[in-house]
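quick one, fold the following:
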Amino acid sequence: MGLFDNLKDRFNKAEFTVAPQKKLKTLSRDFEEAFDLKLVFYKGSVIADGDLTLAALNKKTTKEVNAKADGLNIKGSMKVGDVENMFDTNFGVKVQVKDKKGEICVPNNITLGQAARGEYEK
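Take a look at the predicted model:
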């Protein structure tokens, strides 16, 4: 672990691209396949219906969701907090990155790669 894993995260082919027209459950599944972590979308403070797209979520929340924003490219070397902020900044949607079981929100100050390996206090 450590330096070698961090280098591996930078060059890992696992990459996640957000396409705003995809359903939330598809985005979550793709994220899990890429990083072995759960990505949870929220409508306000409630978990959003997975059958919604980002555009449909816009009609269900008071916060404006920017479904026309360009897609995002996310890599394992990115910090969890940065990824969550990117969703908010680019799409206006709140997300949380959780462990593989979807039970624990992982700390914002570690990378996705570290979170996938469980390198944090639980």
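
run a quick neighbour tally on residue 37.
Counted with other CB atoms under 10 Å, the neighbours of residue 37 add up to 21. Heads up, the C-betas are built off the backbone N, CA and C, glycines and all.

ok, it to residue 44 distance?
According to CB to CB, to the nearest Å, residue 37 stands 23 Å off from residue 44.

likewise for residue 20?
Distance from residue 20 to residue 44, by CB to CB: 19 Å.

correct me, but residue 108 touches residue 84?
Yes: assessed by CB atoms under 8 Å, residue 108 is found in contact with residue 84 at 6.9 Å.

compare the two (neighbour count), which wins?
Counted by other CB under 10 Å, residue 108 and residue 84 do not tie: residue 84 has more neighbours, with 18 against 15.

in a strand, the more buried one, correct?
No: secondary structure assignment (DSSP: H, G, I helix; E, B strand; the rest coil) places residue 84 in helix, not in a strand.

nearest residue to it other than its sequence neighbours?
residue 95 (5.5 Å; CB to CB, 6 or more residues apart in numbering).

what of residue 83?
residue 74 (5.6 Å).

can I take it that that neighbour is in a helix?
No: secondary structure of residue 74 (three-state DSSP): strand, not part of a helix.

who's in contact with it?
15-18, 31, 34, 83, 86, 112 (CB atoms under 8 Å, 6 or more residues apart in numbering).

cool, and residue 115?
35, 37, 80, 97, 99, 106-107.

quick check, nearest of the residues you listed to residue 52?
Set against residue 52, the nearest of the contacts of residue 115 by CB to CB is residue 97 (19.2 Å).
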